[in-house]
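*Asks:* what shape does this take:
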Amino acid sequence: GKCLKLLKVPVVVIRTHGAFARDPLYNNLQLRKVKVSAEMEYLLSPEEIAQKSAKELNEIVNKCFSFDYFRWQQENKIQIKEKFRADGLNRVLYKCPSCHTEGKMLGQGTKISCSHCGKEYELTEYGFLEAVSGETEFNHIPDWYRWERECVRKEILDNTYESQVPVDICMMVDMKKIYRVGEGILEHNKEGFHLTGCDGKLDYRQKVTASYSLYADYYWYEIGDVIGIGNTEFSYFCFPGKDVSVTKVRLATE
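*Replies:* Here you go, the predicted model:
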C-alpha cells in the first residue's frame, strides 16, 4: 500500500485461469489437456490510490492475490482425465490425515496412498479427493494443506520442530551456471538454517529473520525437490532425499 501511494500509478491485475490445472508444480512437468486463458482488470486509478489509506490498499491487493485453483476447477467443472493426475501429489500432501505419519504418502496414477496405514484416496477428474474406503478426512486438497500448516505451527509452539537431513549441494556464485559442490547436512530449527558440508569447507547460517518465506520447489530443473537459501553473495540449492518434504520446511519457515 505504501509503495502504491509512493508511485502514484495505475494498478492493473492480470490473472491466468487453467495454467495450474494444465501443469501443476507437483506433477513432474506432465501436461494436461486444459485450456489456459487470462483476464486483465484495471484495479486502482491514481486518484483512488490517493484517497485510500495504505492499509485499505493492502486489503484490496491481498484479496486479488487470494486464489484456489482446485476450487476454480470444481466450480467451472473442468474435467482432467489424465491417468497421471495424482503423480507426485505427495509433495504437497506429505502427512497422512488418517494415521498422521509423515513421509509415507505416495501419489501415483489417480491415487494418493499411505504406505504406513494403507489408507488410499482417489483424485477425481474434477479435483476432489475421495477415500477408497472409510472416512474422507479432506475432500479438498487446500484443506489438507491447511491442516498440515497447523500441524507444523503446533510443533513450533510446542518446541518439537527440528529438521536435520543429508543434502546434495549446488551453489550459484555467478550468472553463468549452477555448480555442484558436494554433500552436506541441512539443519532447520528455531534458530534458522545451518548448512554444513563439502568436507568441512562449507558452514553457512541463516537466521529466521532473513526471509519471510522460503524458496522450495519441486522437480527443480528435472533434478529433484530443492530448498534454496543464501544471501547476496552466494545462493545454495539443497537437494534432500525423496522421503524429506520440502513443503514442510517451507511451512515451518513461514
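
*Asks:* what count of nearby residues applies to residue 73?
*Replies:* Residue 73 is flanked by 21 other residues according to other C-beta atoms under 10 Å. Using the backbone N, CA and C atoms, a C-beta is placed for each residue, glycine as well.

*Asks:* could you show me where the helices are in the stretch 51-200 of the chain, in order?
*Replies:* Assigned by DSSP state H, counting those that start in this stretch, the stretch 51-200 of the chain shows helices spanning 54-64, 69-75, 141-157.

*Asks:* just the mean pLDDT for the longest one, thanks.
*Replies:* Right, helix 141-157. Throughout helix 141-157, pLDDT has a mean value of 97.

*Asks:* so what touches the helix or strand harbouring residue 39?
*Replies:* If you go by DSSP states H and E, residue 39 is part of strand 37-44. Strand 37-44 is contacted from outside by 4, 10-18, 52, 57, 60-61, 64, using C-beta atoms under 8 Å, 6 or more residues apart in numbering.

*Asks:* related to what we said a few turns ago, which of the helices of the stretch 51-200 of the chain sits closest to residue 248?
*Replies:* For the helices of the stretch 51-200 of the chain, the distance to residue 248 is smallest for helix 141-157, at 6.1 Å, taking C-beta to C-beta.

*Asks:* what helices or strands is that closest one leaning on?
*Replies:* On a contact count with 3 or more C-beta pairs under 8 Å, 6 or more residues apart in numbering; DSSP states H and E, helix 141-157 meets helix 69-75, helix 246-253.

*Asks:* pLDDT of the first one, averaged?
*Replies:* The pLDDT scores in helix 69-75 average 96.

*Asks:* over to the longest one?
*Replies:* What helix 246-253 shows for mean pLDDT is 96.

*Asks:* picking that back up, would you mind giving the helices of the stretch 51-200 of the chain as JSON lines with distance to residue 105 added?
*Replies:* JSON lines is the format used below for the helices of the stretch 51-200 of the chain (distance: least, C-beta to C-beta, whole Å):
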{"stretch": "helix 54-64", "distance to residue 105": "31"}
{"stretch": "helix 69-75", "distance to residue 105": "17"}
{"stretch": "helix 141-157", "distance to residue 105": "10"}
